[in-house]
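Student: Just need the structure, nothing else, for what follows:
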Amino acid sequence: MREIFADLHIHIGRSQGRAVKITASRELTLKNILFREAPRKGLEMVGIVDAGSTLVAAEIEEMLLHGELEEQPQGGFLAANGVLMIAGAEVESREGVHWIIFLPFLHSIKSLQKYLRSRVRNMTLSTQKADATAIDLLNLSYLLEGIFCPAHAFTPHKGAYGFWTDSLADKMGRDLAQVKVLELGLSSDSLMADMIAETSNFTFLSNSDAHSLANIGREYNLLRMKQKNFAEFRYCLENYEGRRILANYGMDPLMGKYHRSFCLQCERIAAEAPPVRACANCGSENLVAGVYDRIVSIRDYSEPRQPLGRAPYYYRVPLQKLPGIGPKTLEKLRAGLGSEIDICENANQEDISRIAGERVAALIIEMRKGRLDISPGGGGRYGKVKKDNRKQ
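Tutor: Presented below is the predicted three-dimensional model:
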C-alpha cells in the first residue's frame, strides 16, 4: 500500500488554444497541471473535471499518442512524471445542480460525449447544462463504470444541498444507493456535513475546485491505495480491503466564500447564530444563504454524528493566503523545503523560520493545529486570516 495526496476537482482554462472554462485562467492547461503544478504542490493524483470537453478529450488522445500519458489497464491515465490523472466531467443537470462523473477510460469519455452531444449547447466548454436529470446522469455514470459525485454539495450556487433539496433520498430514492461519495466544498467540513443523517453513507472528498494554477491543492485528500489507477481510486471511496481516504485537508470553512449568509442589501456578512434568514442590520431577507446557515436549517442532529472510520478533517490555509507569505517568500520556501504540501505537513518550525522568519513559521505551525484567527467569508467573499493574529 502507498499513501498519496490527491486533488480531484481541477478545471481546464484552455485547450488546443481555445477556452474551456470561461472563468478559469489561461495558464490552467492540462500540461501545466500535470507537469508543473502538481509536483510543486506535492500531488501525485489529480482529477480533471473538464474531460467531457471535446477539446480536452482530443488533447488527452494526443498526449497518449506521444507517450506523455499512458492509459492504465485498470483505468486512469499515468503521466510520464508519475502523476495519475483521473478524468471526469462536471455537468449541470436539468435541476441546475452540478455533478462530477469520474470516468476510467478514453472510450468511456467518448461514450459520455456521445450521450451529451444532443443534450448540451456547446461540447467544447466546461460544466455545460445538460437536458438530463440528476437520475439520468447517475444512471449514465453507472453504465459507463464511472463514479458519480455531487460537486461542492452545500454551496448556494449549484450545490445539491445548498440549491436543490434538503434530502437527496427524497429526490433520488433508491438510486441514491449508487452514490458513494460527496464533495464537501470550500465552505464546509466533515463535522458540518455529519449533522445530516444520510451523509453517513458517503465518503467525503475535499477538493480545490481550482480555476487557476495557484488554487490547485488549496484542498486535498490523503489516499491509501495499492497502485495508481482508477480501480484503486474506486476502492478507496468504498473502503475496500484496506484502501481508504486517510484524511481530508481543507480550508477552514470560515475561509470559504459562502460560509455565512450575506445581505445583498447592505453587503453585510452575518455574524449571528445560524441559521440567519434575515439581515440583523437592515432586516432584508434578500440574502445569499451561507453554507453554515443552510446546514443548520436542514440538519438532523444538533451535533455531528460521525460514522465509524470517517476520515479526520484537518484545517489548512493556502500558503499564499497567510500574512507575510508573498510570491518571493513562497518560492524560497519551495526551493528550500520541497512541495507546498511538504511545507504544510512536514517541515519543522526551525527550517521554516530560517527561510521565512519566525512569524511565518509560527503561523504555519498554528495552521497545522487549526488555531488561526479567521474573519469568516460570505456572499462570494473569501474569509481572511487576521493580520494581527492574536496567537502570534
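Student: helix, strand or coil for the spatially most central residue of the chain?
Tutor: Residue closest to the mean C-alpha point of the chain, counted by C-alpha atoms, centre = their mean, is Asn207 at 2.0 Å. Under DSSP: H, G, I helix; E, B strand; the rest coil, Asn207 falls in the coil class.
Student: ok, for it, nearest residue in space, not its chain neighbours?
Tutor: In this structure, Asn207 finds its nearest non-sequential neighbour in His9, 3.5 Å apart by C-beta to C-beta, 6 or more residues apart in numbering. Glycine gets a C-beta too; all of them are placed from N, C-alpha and C.
Student: For the one you found, give its distance to Ala132.
Tutor: 21 Å (C-beta to C-beta, to the nearest Å).
Student: Next: Leu125.
Tutor: With C-beta to C-beta as the criterion, Leu125 and Ala132 are 16 Å apart.
Student: ok, back up a step: wouldn't the residue nearest to the centre of the chain be in contact with Asp7 here?
Tutor: Yes - using C-beta atoms under 8 Å, Asn207 is in contact with Asp7, at 5.6 Å.
Student: shared neighbours, those two?
Tutor: 47, 219-221 (C-beta atoms under 8 Å, 6 or more residues apart in numbering).
Student: where does the chain dip in pLDDT?
Tutor: 388-392 (pLDDT under 70).
Student: let's go with 80 and repeat that
Tutor: Low-confidence segments of the chain, defined by pLDDT under 80, span residues 387-392.
Student: Domain-wise, how is it divided?
Tutor: The chain breaks down by the TED database into domains covering 2-253, 319-385.
Student: Arg277: which of the ones you listed is closest?
Tutor: Shortest distance between Arg277 and the domains of the chain, using C-beta to C-beta, is found for domain 2-253: 12.9 Å.
Student: and the end-to-end length of the closest one?
Tutor: 29 Å (C-alpha to C-alpha, to the nearest Å).
Student: Show me how far that domain is from its chain's centre.
Tutor: Centre-to-centre, domain 2-253 and its host chain are 8 Å apart (C-alpha atoms, centre = their mean, to the nearest Å).
Student: and what of stretch 276-293?
Tutor: The answer for stretch 276-293 is 26 Å, by C-alpha atoms, centre = their mean.
Student: For that stretch, buried residues please.
Tutor: Judged by neighbour count using 16 or more other C-beta atoms under 10 Å, the buried positions of stretch 276-293 are 276, 279, 287-293.
Student: How about the contacts made by the nearest residue to Ala278 once chain neighbours are set aside?
Tutor: Leaving aside its sequence neighbours, Ala278 sits nearest to Glu285 (C-beta to C-beta, 6+ apart; 4.9 Å). When contacts are counted by C-beta under 8 Å, 6+ apart, Glu285 touches 277-279.
Student: Tell me the spacing between Glu285 and Leu264.
Tutor: Counting by C-beta to C-beta, the gap from Glu285 to Leu264 is 10 Å.
Student: sorry, back to before: just the closest of the buried residues of stretch 276-293 to Lys41, please.
Tutor: Closest to Lys41, out of all of the buried residues of stretch 276-293 and judged by C-beta to C-beta, is Val291, at 24.8 Å.
Student: from memory that closest one sits against Ser187, does it?
Tutor: Yes - using C-beta under 8 Å, Val291 is in contact with Ser187, at 3.9 Å.
Student: which residues do those two both contact?
Tutor: 154-155, 253, 256, 258-259.
Student: out of those, what pair is the most spread apart?
Tutor: Thr155 and Pro253 (11.5 Å).
Student: which residues are in contact with both of the two?
Tutor: By C-beta under 8 Å, 6+ apart, the residues touching both Thr155 and Pro253 are 186-187, 291.
Student: Inside helices: which ones of these?
Tutor: Val291 (DSSP state H).
Student: Quick one: the helices in the stretch 51-200 of the chain, in order.
Tutor: Applying DSSP state H, counting those that start in this stretch to the stretch 51-200 of the chain gives helices spanning 54-65, 106-116, 134-143, 168-172, 190-193.
Student: could you give the angle of the longest one to helix 106-116?
Tutor: Translated: helix 54-65. Using axes from the mean of the first three to the mean of the last three C-alpha atoms, to 10 degrees, the inter-axis angle of helix 54-65 relative to helix 106-116 is 160 degrees.
Student: and helix 54-65, what does it pack onto?
Tutor: Helix 54-65 sits against strand 14-15, helix 30-31, strand 69-71, helix 106-116, with contacts defined as 3 or more C-beta pairs under 8 Å, 6 or more residues apart in numbering; DSSP states H and E.
Student: how about a cut-off of 10 Å?
Tutor: strand 14-15, helix 30-31, strand 69-71, strand 77-79, strand 84-92, helix 106-116 (3 or more C-beta pairs under 10 Å, 6 or more residues apart in numbering; DSSP states H and E).
Student: quick one on the thing from earlier: same list, the domains of the chain, but as TSV with distance to Arg299 please.
Tutor: Converted to TSV, these look like this (distance: least, C-beta to C-beta, whole Å):
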stretch	distance to Arg299
domain 2-253	4
domain 319-385	19
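Student: how about the strands in the stretch 201-350 of the chain?
Tutor: Along the stretch 201-350 of the chain, counting by DSSP state E, counting those that start in this stretch, strands occupy 203-205, 220-225, 244-251, 262-263, 287-288, 313-316.
Student: Off-centre distance for the fourth one?
Tutor: Averaging C-alpha positions (C-alpha atoms, centre = their mean) puts strand 262-263 24 Å from its chain's average.
Student: For His25, which non-adjacent residue is closest in space?
Tutor: Residue 25: Ser, not His. Ser212 (4.2 Å).
Student: Who are the contact partners of the one you found?
Tutor: Ser212 makes contact with 10-11, 13, 23-28, 37, 218, according to C-beta atoms under 10 Å, 6 or more residues apart in numbering.
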